[in-house]
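Novice: The sequence and its predicted three-dimensional model are supplied below.
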Amino acid sequence: MKGLLNRAALVSGLVACAAVTTAQAVSAPGYDIPYVELGGEFVSVDDIRANDDGIGGRLRLGFPIGIANSAIELSIYDNVFERDLDGDDDYQSGFFVNYVYDLGGLLNTRVRPFVLGGLGFAEDDILGNNDTHLGLDAGLGALVPLGLPFAKGLSLRADARYQYQFNKEHYPGEDSVADVRFFVGAHIPLSAYFEAKGKPQKTRDCELAVVDPTTGRTDCVSDSDRDGVIDGRDKCPGTRRGASVNANGCVASGPDSDGDGVPDNFDRCPETVVGAAVDGNGCPVRQIVVLNGVNFNTGSAALTDGAKQVLDGVVETLRSQRASLIEIAGHTDSRGDAQSNLALSQKRAESVRDYLIERGITASRLTARGYGEYEPIASNDTAGGREENRRVEFRVVAN
(Lines give C-alpha, C1' and ligand atoms only; values in the text may rest on other atoms or scores of the structure.)
Protein backbone atom coordinates (compact mmCIF):
# COMPACT_ATOMS: atom_id res chain seq x y z
CA MET A 1 0.00 0.00 0.00
CA LYS A 2 2.88 2.38 0.79
CA GLY A 3 4.37 1.87 -2.68
CA LEU A 4 0.97 2.42 -4.26
CA LEU A 5 0.51 5.72 -2.41
CA ASN A 6 3.99 6.87 -3.43
CA ARG A 7 3.13 6.31 -7.09
CA ALA A 8 -0.19 8.11 -6.59
CA ALA A 9 1.54 11.13 -5.08
CA LEU A 10 3.99 11.35 -7.99
CA VAL A 11 1.28 11.21 -10.67
CA SER A 12 -0.91 13.69 -8.70
CA GLY A 13 1.91 16.22 -8.68
CA LEU A 14 2.51 15.87 -12.41
CA VAL A 15 -1.17 16.31 -13.27
CA ALA A 16 -1.54 19.29 -10.94
CA CYS A 17 1.36 21.02 -12.67
CA ALA A 18 -0.09 20.31 -16.10
CA ALA A 19 -3.59 21.60 -15.28
CA VAL A 20 -2.78 25.28 -15.69
CA THR A 21 -5.85 26.22 -17.74
CA THR A 22 -9.52 25.56 -17.17
CA ALA A 23 -12.53 24.80 -19.32
CA GLN A 24 -16.10 23.79 -18.62
CA ALA A 25 -15.93 20.21 -17.37
CA VAL A 26 -17.84 18.03 -14.90
CA SER A 27 -18.67 20.97 -12.66
CA ALA A 28 -21.60 23.10 -11.64
CA PRO A 29 -21.92 25.96 -14.17
CA GLY A 30 -19.54 28.76 -13.21
CA TYR A 31 -17.26 26.56 -11.05
CA ASP A 32 -14.76 25.28 -13.58
CA ILE A 33 -11.99 24.96 -11.00
CA PRO A 34 -10.25 22.07 -9.29
CA TYR A 35 -12.58 20.05 -7.11
CA VAL A 36 -12.61 17.25 -4.59
CA GLU A 37 -15.12 14.42 -4.33
CA LEU A 38 -15.78 12.03 -1.47
CA GLY A 39 -18.30 9.24 -1.38
CA GLY A 40 -19.19 5.64 -0.92
CA GLU A 41 -18.69 2.79 -3.35
CA PHE A 42 -20.41 -0.52 -3.96
CA VAL A 43 -18.52 -3.23 -5.87
CA SER A 44 -20.27 -5.98 -7.81
CA VAL A 45 -17.44 -8.54 -7.92
CA ASP A 46 -16.37 -10.84 -10.72
CA ASP A 47 -17.75 -14.39 -10.46
CA ILE A 48 -14.25 -15.80 -10.22
CA ARG A 49 -13.67 -14.04 -6.90
CA ALA A 50 -14.44 -16.17 -3.86
CA ASN A 51 -16.02 -13.15 -2.17
CA ASP A 52 -19.33 -11.44 -1.60
CA ASP A 53 -19.92 -8.02 -3.18
CA GLY A 54 -17.88 -5.33 -1.49
CA ILE A 55 -18.25 -1.83 -0.09
CA GLY A 56 -15.82 1.00 0.51
CA GLY A 57 -15.03 4.62 -0.16
CA ARG A 58 -13.33 6.78 -2.78
CA LEU A 59 -11.55 10.13 -2.62
CA ARG A 60 -11.12 11.98 -5.90
CA LEU A 61 -9.33 15.17 -7.00
CA GLY A 62 -10.30 16.69 -10.34
CA PHE A 63 -8.62 19.26 -12.59
CA PRO A 64 -10.42 20.91 -15.54
CA ILE A 65 -7.95 21.12 -18.43
CA GLY A 66 -7.55 23.31 -21.50
CA ILE A 67 -9.67 21.00 -23.68
CA ALA A 68 -13.34 21.85 -23.96
CA ASN A 69 -15.59 19.86 -21.60
CA SER A 70 -12.64 17.86 -20.26
CA ALA A 71 -11.00 17.09 -16.94
CA ILE A 72 -8.37 14.80 -15.45
CA GLU A 73 -9.26 13.04 -12.21
CA LEU A 74 -7.04 11.28 -9.68
CA SER A 75 -8.68 8.93 -7.24
CA ILE A 76 -7.80 6.54 -4.47
CA TYR A 77 -10.19 3.97 -3.10
CA ASP A 78 -10.34 1.26 -0.47
CA ASN A 79 -12.77 -1.67 -0.47
CA VAL A 80 -13.49 -4.66 1.73
CA PHE A 81 -14.91 -8.04 0.59
CA GLU A 82 -16.12 -10.88 2.82
CA ARG A 83 -14.58 -14.21 1.89
CA ASP A 84 -16.84 -17.14 1.11
CA LEU A 85 -14.30 -19.54 2.61
CA ASP A 86 -14.24 -18.43 6.25
CA GLY A 87 -16.21 -15.20 6.52
CA ASP A 88 -13.09 -13.08 7.04
CA ASP A 89 -12.30 -10.08 4.85
CA ASP A 90 -10.14 -9.49 1.82
CA TYR A 91 -9.15 -5.96 0.83
CA GLN A 92 -8.38 -3.94 -2.25
CA SER A 93 -6.94 -0.45 -2.56
CA GLY A 94 -6.29 1.42 -5.76
CA PHE A 95 -5.11 4.56 -7.48
CA PHE A 96 -6.49 5.56 -10.90
CA VAL A 97 -6.08 8.44 -13.33
CA ASN A 98 -9.13 9.13 -15.51
CA TYR A 99 -9.98 11.37 -18.41
CA VAL A 100 -13.55 12.69 -18.05
CA TYR A 101 -15.61 14.22 -20.86
CA ASP A 102 -18.62 16.31 -19.86
CA LEU A 103 -21.61 15.78 -22.17
CA GLY A 104 -23.55 18.55 -20.42
CA GLY A 105 -21.64 21.15 -22.40
CA LEU A 106 -23.06 19.64 -25.59
CA LEU A 107 -26.57 18.92 -24.35
CA ASN A 108 -26.99 22.24 -22.46
CA THR A 109 -28.75 20.58 -19.54
CA ARG A 110 -28.70 21.27 -15.81
CA VAL A 111 -27.85 17.63 -15.06
CA ARG A 112 -24.41 17.05 -16.53
CA PRO A 113 -23.87 13.52 -17.89
CA PHE A 114 -20.32 12.43 -18.59
CA VAL A 115 -18.17 9.51 -19.73
CA LEU A 116 -14.77 8.52 -18.40
CA GLY A 117 -11.91 6.17 -18.95
CA GLY A 118 -8.46 5.62 -17.49
CA LEU A 119 -5.86 3.37 -15.97
CA GLY A 120 -4.18 2.79 -12.64
CA PHE A 121 -2.97 0.28 -10.08
CA ALA A 122 -4.95 -1.99 -7.80
CA GLU A 123 -3.43 -3.66 -4.72
CA ASP A 124 -5.14 -6.84 -3.56
CA ASP A 125 -4.81 -8.24 -0.04
CA ILE A 126 -6.25 -11.75 -0.37
CA LEU A 127 -5.69 -14.32 2.36
CA GLY A 128 -2.86 -12.11 3.61
CA ASN A 129 -1.04 -12.03 0.25
CA ASN A 130 -0.43 -8.56 -1.19
CA ASP A 131 0.02 -7.97 -4.93
CA THR A 132 -0.23 -4.83 -7.09
CA HIS A 133 -1.56 -5.07 -10.66
CA LEU A 134 -2.24 -2.75 -13.59
CA GLY A 135 -5.90 -1.97 -14.24
CA LEU A 136 -8.12 -0.22 -16.80
CA ASP A 137 -11.56 1.25 -16.30
CA ALA A 138 -14.35 2.95 -18.27
CA GLY A 139 -17.75 4.19 -17.31
CA LEU A 140 -20.39 6.92 -17.28
CA GLY A 141 -22.20 9.04 -14.75
CA ALA A 142 -23.96 12.31 -14.02
CA LEU A 143 -23.39 15.41 -11.92
CA VAL A 144 -26.40 17.21 -10.41
CA PRO A 145 -25.78 20.79 -9.16
CA LEU A 146 -27.73 21.27 -5.93
CA GLY A 147 -27.99 25.06 -6.14
CA LEU A 148 -27.66 25.58 -2.39
CA PRO A 149 -27.12 29.26 -1.48
CA PHE A 150 -24.91 28.37 1.49
CA ALA A 151 -22.76 25.88 -0.48
CA LYS A 152 -22.33 27.30 -3.96
CA GLY A 153 -21.18 24.83 -6.57
CA LEU A 154 -21.90 21.81 -4.36
CA SER A 155 -23.20 18.95 -6.48
CA LEU A 156 -24.20 15.31 -6.21
CA ARG A 157 -22.20 12.89 -8.36
CA ALA A 158 -22.98 9.32 -9.29
CA ASP A 159 -21.11 7.05 -11.68
CA ALA A 160 -20.71 3.43 -12.67
CA ARG A 161 -17.54 1.96 -14.10
CA TYR A 162 -16.21 -1.36 -15.38
CA GLN A 163 -12.76 -2.04 -13.93
CA TYR A 164 -10.53 -4.63 -15.60
CA GLN A 165 -7.46 -5.80 -13.62
CA PHE A 166 -4.55 -7.97 -14.75
CA ASN A 167 -4.16 -10.59 -12.01
CA LYS A 168 -2.62 -14.06 -12.39
CA GLU A 169 -1.55 -14.65 -8.79
CA HIS A 170 -4.82 -15.28 -6.95
CA TYR A 171 -7.08 -17.11 -9.36
CA PRO A 172 -5.78 -20.38 -10.89
CA GLY A 173 -6.36 -20.58 -14.60
CA GLU A 174 -7.28 -16.91 -14.87
CA ASP A 175 -5.09 -13.95 -15.79
CA SER A 176 -7.54 -11.13 -15.08
CA VAL A 177 -10.51 -10.10 -12.98
CA ALA A 178 -13.23 -7.58 -13.73
CA ASP A 179 -15.55 -5.81 -11.30
CA VAL A 180 -18.34 -3.23 -11.71
CA ARG A 181 -18.14 -0.26 -9.32
CA PHE A 182 -20.89 2.18 -8.36
CA PHE A 183 -20.04 5.49 -6.72
CA VAL A 184 -22.26 8.14 -5.09
CA GLY A 185 -20.77 11.16 -3.39
CA ALA A 186 -20.38 14.92 -3.01
CA HIS A 187 -18.65 17.14 -5.57
CA ILE A 188 -17.04 20.14 -3.85
CA PRO A 189 -15.35 22.95 -5.84
CA LEU A 190 -12.19 24.21 -4.16
CA SER A 191 -13.47 27.80 -4.14
CA ALA A 192 -11.39 28.67 -1.09
CA TYR A 193 -8.20 28.12 -3.10
CA PHE A 194 -9.18 28.90 -6.69
CA GLU A 195 -11.20 31.69 -8.28
CA ALA A 196 -14.37 30.45 -9.94
CA LYS A 197 -14.16 30.68 -13.72
CA GLY A 198 -17.10 31.84 -15.79
CA LYS A 199 -19.18 32.39 -12.68
CA PRO A 200 -22.50 33.81 -13.81
CA GLN A 201 -22.57 37.56 -13.42
CA LYS A 202 -25.52 39.09 -11.67
CA THR A 203 -27.54 40.80 -14.34
CA ARG A 204 -28.15 44.48 -14.00
CA ASP A 205 -31.65 45.82 -14.36
CA CYS A 206 -31.25 47.78 -17.56
CA GLU A 207 -33.86 49.08 -19.91
CA LEU A 208 -31.13 49.15 -22.55
CA ALA A 209 -27.58 47.84 -22.42
CA VAL A 210 -24.79 49.31 -24.52
CA VAL A 211 -21.88 46.91 -25.05
CA ASP A 212 -18.45 48.15 -26.12
CA PRO A 213 -17.43 45.74 -28.94
CA THR A 214 -13.74 46.16 -28.08
CA THR A 215 -13.66 45.89 -24.30
CA GLY A 216 -16.94 44.06 -23.72
CA ARG A 217 -17.93 46.62 -21.09
CA THR A 218 -21.69 46.89 -20.57
CA ASP A 219 -23.38 50.11 -19.46
CA CYS A 220 -27.00 50.67 -18.57
CA VAL A 221 -28.82 53.49 -20.35
CA SER A 222 -32.43 54.60 -20.54
CA ASP A 223 -34.74 55.65 -23.35
CA SER A 224 -37.74 57.14 -21.58
CA ASP A 225 -39.82 57.90 -24.68
CA ARG A 226 -38.68 54.72 -26.47
CA ASP A 227 -37.81 56.49 -29.69
CA GLY A 228 -34.51 54.63 -30.10
CA VAL A 229 -32.37 57.55 -28.91
CA ILE A 230 -31.00 57.25 -25.35
CA ASP A 231 -31.93 60.00 -22.91
CA GLY A 232 -28.39 61.37 -22.72
CA ARG A 233 -28.52 62.19 -26.44
CA ASP A 234 -32.25 62.91 -26.83
CA LYS A 235 -32.84 66.60 -27.50
CA CYS A 236 -36.59 66.08 -27.74
CA PRO A 237 -37.64 63.95 -24.74
CA GLY A 238 -41.25 62.88 -24.56
CA THR A 239 -41.62 62.14 -28.28
CA ARG A 240 -44.92 60.49 -29.15
CA ARG A 241 -44.63 56.69 -29.12
CA GLY A 242 -43.87 55.34 -32.59
CA ALA A 243 -42.99 58.69 -34.16
CA SER A 244 -40.19 58.75 -36.74
CA VAL A 245 -37.26 60.69 -35.28
CA ASN A 246 -33.83 61.84 -36.38
CA ALA A 247 -30.50 61.13 -34.65
CA ASN A 248 -31.28 63.77 -31.99
CA GLY A 249 -34.57 62.11 -31.04
CA CYS A 250 -36.68 64.86 -32.62
CA VAL A 251 -39.52 64.27 -35.04
CA ALA A 252 -38.17 64.79 -38.52
CA SER A 253 -39.24 68.14 -39.94
CA GLY A 254 -41.05 68.70 -43.24
CA PRO A 255 -44.53 69.35 -44.61
CA ASP A 256 -47.43 67.49 -42.98
CA SER A 257 -50.32 67.73 -45.41
CA ASP A 258 -52.89 65.87 -43.31
CA GLY A 259 -51.82 67.40 -39.99
CA ASP A 260 -51.38 64.09 -38.18
CA GLY A 261 -47.92 64.96 -36.80
CA VAL A 262 -46.00 62.70 -39.20
CA PRO A 263 -44.09 64.49 -42.00
CA ASP A 264 -45.18 63.57 -45.50
CA ASN A 265 -41.86 61.87 -46.32
CA PHE A 266 -42.48 59.41 -43.43
CA ASP A 267 -46.28 59.22 -43.74
CA ARG A 268 -47.44 55.88 -45.10
CA CYS A 269 -51.10 56.89 -44.77
CA PRO A 270 -51.46 60.41 -46.29
CA GLU A 271 -54.76 62.29 -46.04
CA THR A 272 -55.72 60.80 -42.69
CA VAL A 273 -59.05 62.04 -41.28
CA VAL A 274 -58.47 65.15 -39.18
CA GLY A 275 -58.32 64.27 -35.49
CA ALA A 276 -57.58 60.59 -36.00
CA ALA A 277 -54.93 59.08 -33.72
CA VAL A 278 -52.07 57.66 -35.76
CA ASP A 279 -49.02 55.49 -35.20
CA GLY A 280 -45.42 56.38 -36.04
CA ASN A 281 -46.11 55.71 -39.71
CA GLY A 282 -49.02 58.14 -39.83
CA CYS A 283 -51.65 55.38 -40.08
CA PRO A 284 -54.77 55.32 -37.90
CA VAL A 285 -54.73 53.05 -34.90
CA ARG A 286 -57.81 51.28 -33.65
CA GLN A 287 -59.97 54.12 -32.40
CA ILE A 288 -63.24 56.03 -32.60
CA VAL A 289 -63.38 59.26 -34.59
CA VAL A 290 -66.45 61.53 -34.38
CA LEU A 291 -67.31 62.92 -37.83
CA ASN A 292 -68.17 66.48 -36.91
CA GLY A 293 -70.46 68.11 -39.44
CA VAL A 294 -72.16 64.93 -40.63
CA ASN A 295 -75.78 65.98 -39.99
CA PHE A 296 -79.20 64.89 -41.22
CA ASN A 297 -82.50 66.50 -41.92
CA THR A 298 -84.68 66.51 -38.80
CA GLY A 299 -86.25 63.12 -38.07
CA SER A 300 -84.81 61.50 -41.21
CA ALA A 301 -81.69 59.77 -42.53
CA ALA A 302 -81.20 62.23 -45.40
CA LEU A 303 -77.74 63.77 -45.42
CA THR A 304 -77.43 67.55 -45.52
CA ASP A 305 -75.30 69.21 -48.17
CA GLY A 306 -72.71 70.08 -45.50
CA ALA A 307 -72.56 66.44 -44.42
CA LYS A 308 -71.81 65.36 -47.99
CA GLN A 309 -68.92 67.81 -48.18
CA VAL A 310 -67.42 66.31 -44.99
CA LEU A 311 -67.85 62.78 -46.33
CA ASP A 312 -66.16 63.73 -49.60
CA GLY A 313 -63.02 64.42 -47.56
CA VAL A 314 -63.43 61.08 -45.82
CA VAL A 315 -63.58 59.36 -49.21
CA GLU A 316 -60.12 60.67 -50.09
CA THR A 317 -58.73 59.36 -46.80
CA LEU A 318 -60.24 55.89 -47.30
CA ARG A 319 -58.87 55.71 -50.83
CA SER A 320 -55.35 56.30 -49.51
CA GLN A 321 -55.77 53.68 -46.75
CA ARG A 322 -57.08 50.68 -48.64
CA ALA A 323 -56.49 48.21 -45.80
CA SER A 324 -58.69 50.01 -43.24
CA LEU A 325 -61.93 48.38 -42.13
CA ILE A 326 -64.48 50.80 -40.71
CA GLU A 327 -67.63 50.49 -38.63
CA ILE A 328 -69.96 53.46 -39.14
CA ALA A 329 -71.81 54.02 -35.85
CA GLY A 330 -74.99 56.11 -35.65
CA HIS A 331 -76.20 57.73 -32.39
CA THR A 332 -79.20 59.84 -31.30
CA ASP A 333 -80.19 61.82 -28.22
CA SER A 334 -82.80 60.52 -25.78
CA ARG A 335 -85.79 62.48 -26.99
CA GLY A 336 -88.58 60.29 -28.34
CA ASP A 337 -89.10 56.53 -28.19
CA ALA A 338 -85.95 54.46 -27.55
CA GLN A 339 -86.81 51.84 -30.20
CA SER A 340 -87.57 54.52 -32.77
CA ASN A 341 -84.25 56.20 -31.98
CA LEU A 342 -82.44 52.88 -32.42
CA ALA A 343 -84.05 52.36 -35.82
CA LEU A 344 -83.28 55.96 -36.87
CA SER A 345 -79.61 55.63 -35.86
CA GLN A 346 -79.32 52.46 -37.92
CA LYS A 347 -80.80 54.17 -40.99
CA ARG A 348 -78.47 57.14 -40.61
CA ALA A 349 -75.40 54.87 -40.34
CA GLU A 350 -76.55 53.03 -43.47
CA SER A 351 -77.08 56.33 -45.25
CA VAL A 352 -73.46 57.31 -44.61
CA ARG A 353 -72.27 53.89 -45.78
CA ASP A 354 -74.33 54.08 -48.96
CA TYR A 355 -72.91 57.51 -49.79
CA LEU A 356 -69.33 56.31 -49.35
CA ILE A 357 -69.98 53.26 -51.53
CA GLU A 358 -71.49 55.51 -54.22
CA ARG A 359 -68.25 57.47 -54.17
CA GLY A 360 -66.20 54.36 -54.88
CA ILE A 361 -65.29 52.88 -51.47
CA THR A 362 -65.42 49.06 -51.46
CA ALA A 363 -68.55 47.89 -49.67
CA SER A 364 -66.77 45.05 -47.84
CA ARG A 365 -64.67 47.59 -45.96
CA LEU A 366 -67.69 49.29 -44.40
CA THR A 367 -70.29 48.14 -41.88
CA ALA A 368 -73.14 50.19 -40.42
CA ARG A 369 -74.62 49.90 -36.95
CA GLY A 370 -77.06 52.02 -34.99
CA TYR A 371 -76.73 52.47 -31.24
CA GLY A 372 -79.71 54.75 -30.67
CA GLU A 373 -79.59 56.66 -27.41
CA TYR A 374 -77.67 53.94 -25.54
CA GLU A 375 -74.13 55.35 -25.79
CA PRO A 376 -74.33 59.03 -24.87
CA ILE A 377 -71.13 61.07 -24.51
CA ALA A 378 -72.83 64.03 -22.84
CA SER A 379 -75.91 64.83 -20.76
CA ASN A 380 -79.25 64.72 -22.54
CA ASP A 381 -80.61 67.32 -20.12
CA THR A 382 -79.16 70.24 -22.10
CA ALA A 383 -79.45 71.29 -25.72
CA GLY A 384 -75.67 71.28 -26.07
CA GLY A 385 -75.41 67.79 -24.64
CA ARG A 386 -78.13 66.44 -26.91
CA GLU A 387 -76.36 67.95 -29.92
CA GLU A 388 -73.14 66.11 -28.96
CA ASN A 389 -75.02 62.84 -28.59
CA ARG A 390 -76.51 63.16 -32.10
CA ARG A 391 -73.44 62.04 -33.98
CA VAL A 392 -71.85 59.65 -36.49
CA GLU A 393 -68.60 57.87 -35.56
CA PHE A 394 -65.98 56.06 -37.57
CA ARG A 395 -64.70 53.08 -35.62
CA VAL A 396 -61.45 51.82 -37.13
CA VAL A 397 -61.52 48.07 -36.49
CA ALA A 398 -58.46 47.05 -38.59
CA ASN A 399 -55.64 48.65 -40.57
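Specialist: Arrived safely, thanks for sending. Just so it is clear, the model here is predicted, and its values are computed rather than measured.

Novice: Now do stretch 94-102: distance to the chain's middle.
Specialist: 35 Å (CA atoms, centre = their mean, to the nearest Å).

Novice: host element of Tyr99?
Specialist: Assigned by DSSP states H and E, Tyr99 falls within strand 89-102.

Novice: any idea of the mean pLDDT in that strand?
Specialist: Across strand 89-102, the average pLDDT comes to 93.

Novice: Likewise for stretch 185-199?
Specialist: On average, stretch 185-199 scores 77.

Novice: can you check stretch 308-327 too?
Specialist: The model assigns stretch 308-327 a mean pLDDT of 85.

Novice: What are the contacting residues of it?
Specialist: 258, 269-273, 283-284, 291-294, 303, 352, 355-356, 359-361, 365-369, 394-399 (CB atoms under 8 Å, 6 or more residues apart in numbering). Backbone N, C-alpha and C define where each C-beta goes, glycine included.

Novice: thinking again about what came up before, so what's the gap between the strand holding Tyr99 and the chain middle?
Specialist: Here strand 89-102 is found 41 Å from its chain centre; the criterion is CA atoms, centre = their mean.

Novice: quick one: buried residues of it?
Specialist: By 16 or more other CB atoms under 10 Å, the buried positions in strand 89-102 come out as 90-98, 100-102.

Novice: May I see those organised as CSV, with distance to Ala338 added?
Specialist: As requested, those are exported to CSV (distance: CB to CB, whole Å):
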residue, distance to Ala338
Asp90, 103
Tyr91, 101
Gln92, 99
Ser93, 99
Gly94, 96
Phe95, 97
Phe96, 93
Val97, 93
Asn98, 88
Val100, 83
Tyr101, 81
Asp102, 77
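
Novice: quick one: which of those is nearest to Ile48?
Specialist: Nearest to Ile48 among the buried residues of strand 89-102: Asp90, at 13.2 Å, using CB to CB.

Novice: hang on, Asp90 packs against Arg83?
Specialist: Yes. Between Asp90 and Arg83 there is a contact under CB atoms under 8 Å: 5.7 Å.

Novice: tell me, what's touching the two both at once?
Specialist: By CB under 8 Å, 6+ apart, the residues touching both Asp90 and Arg83 are 51, 127.

Novice: What's opposite the closest residue in space to Ala277 that isn't next to it in sequence in the beta bridge?
Specialist: Spatial nearest neighbour of Ala277, chain neighbours left out: Gln287 (4.9 Å); criterion: CB to CB, 6 or more residues apart in numbering. Beta bridges link Gln287 to Val396 when assigned by DSSP bridges.

Novice: same thing with Pro113?
Specialist: The partner list for Pro113 in beta bridges (DSSP bridges) reads Ala142.

Novice: Measure how buried it is and give me the count.
Specialist: 17 (other CB atoms under 10 Å).

Novice: One more: Gln309?
Specialist: For Gln309, using other CB under 10 Å, the count is 12.

Novice: tell me which residues of the helix or strand hosting it are tucked away?
Specialist: In this structure, Gln309 sits in helix 305-320 according to DSSP H and E. Going by neighbour count (16+ other CB under 10 Å), the buried part of helix 305-320 is 307, 310-311, 314-315, 317-318, 320.

Novice: Now the element after it, going C-ward?
Specialist: Helix 305-320 is succeeded, C-terminally, by strand 325-331 (DSSP H and E).

Novice: Read off the pLDDT value for Ile72.
Specialist: We note a pLDDT of 94 for Ile72 in this prediction.

Novice: In the buried residues of strand 89-102, find the pair that's most separated.
Specialist: Asp90 and Asp102 (35.2 Å).

Novice: what about Pro189, how many residues close to it?
Specialist: 23.

Novice: Bridge partners for it, pull those for me.
Specialist: When bridges are called by DSSP bridges, Pro189 pairs up with Tyr35.

Novice: now the helices for the stretch 51-200 of the chain?
Specialist: For the stretch 51-200 of the chain, the helices defined by DSSP state H, counting those that start in this stretch occupy 104-107.

Novice: For it, give me the ranges with low pLDDT.
Specialist: Along the stretch 51-200 of the chain, segments meeting pLDDT under 70 span 105-108, 195-200.

Novice: hmm, 80 instead?
Specialist: Low-confidence segments of the stretch 51-200 of the chain, defined by pLDDT under 80: 104-110, 128, 169-172, 192, 194-200.

Novice: which phi and psi does Pro29 have?
Specialist: phi -50, psi 130 (degrees, to the nearest 10).

Novice: Ok, Gly385 next?
Specialist: Torsion angles at Gly385 (phi, psi; degrees, to the nearest 10) stand at phi -70, psi -40.

Novice: Likewise for Asn292?
Specialist: Backbone geometry at Asn292, expressed as degrees, to the nearest 10, gives phi -60, psi 140.

Novice: Spatially nearest residue to it (excluding sequence neighbours)?
Specialist: Among residues not flanking Asn292 along the chain, Val310 sits closest, at 7.5 Å (CB to CB, 6+ apart).

Novice: measure that neighbour to Thr304 for me?
Specialist: Distance of Val310 to Thr304, given as CB to CB, to the nearest Å: 9 Å.

Novice: what's across from Leu366 in the sheet?
Specialist: Beta bridges link Leu366 to Ile326 when assigned by DSSP bridges.

Novice: okay, now it: neighbour count?
Specialist: Other residues close to Leu366 by other CB under 10 Å number 21.

Novice: what's the spacing between it and Ile326?
Specialist: Leu366 is 6 Å from Ile326, where distance means CB to CB.

Novice: who touches the spatially closest residue to Phe182 that is not a sequence neighbour in this structure?
Specialist: Distances taken as CB to CB, 6+ apart put Phe42 closest to Phe182, at 4.7 Å, once the chain neighbours are dropped. Listed by CB under 8 Å, 6+ apart, the contact partners of Phe42 are 53-55, 181-182.

Novice: Tell me the buried residues within those.
Specialist: Those of the contacts of Phe42 that meet the buried threshold are 54, 181, by 16+ other CB under 10 Å.

Novice: what angle sits between the longest helix along the chain and strand 325-331?
Specialist: Ordering each helix of the chain by length in residues (DSSP state H) puts helix 338-358 first. Taking axes from the mean of the first three to the mean of the last three CA atoms, to 10 degrees, helix 338-358 and strand 325-331 form an angle of 140 degrees between their directions.
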